[in-house]
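S.K.: Sequence and predicted structure are below.
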Amino acid sequence: MFAAVMSDPEICRKVLELALGIPISEVHIQTEKTMAYHSEYHGVRLDVYADDA
């Protein structure tokens, strides 16, 4: 449910603004992003990955 709600860019932007206390002009969202820094280590799967402009 979290990923479904936060996949809306406008809702995600507003939640981040409230949590961080700073204005955010635009966000780019990827759902279920997997990050692995090295093949010998376990990776991380993020429900929502948000990046600002």
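M.R.: On my side now, so go ahead.
S.K.: With adjacent residues omitted, what lies nearest to Ile29?
M.R.: Of all residues not flanking Ile29 in the chain, Ala50 sits nearest, at 5.3 Å (C-beta to C-beta, 6 or more residues apart in numbering). For the C-beta atoms, the positions are set from N, CA and C on the backbone; glycine is no exception.
S.K.: how about Ala19, secondary structure?
M.R.: helix (DSSP: H, G, I helix; E, B strand; the rest coil).
S.K.: go on, Asp47?
M.R.: Asp47 ends up strand, using three-state DSSP.
S.K.: So what's the residue count around it?
M.R.: For Asp47, the count of nearby residues is 13 (other C-beta atoms under 10 Å).
S.K.: How about Val48?
M.R.: For Val48, the neighbour count with other C-beta under 10 Å is 17.
S.K.: just to revisit the earlier point, hang on, the residue nearest to Ile29 packs against Ile24?
M.R.: No - applying C-beta atoms under 8 Å as the test, Ala50 and Ile24 come out as separate, 9.1 Å apart.
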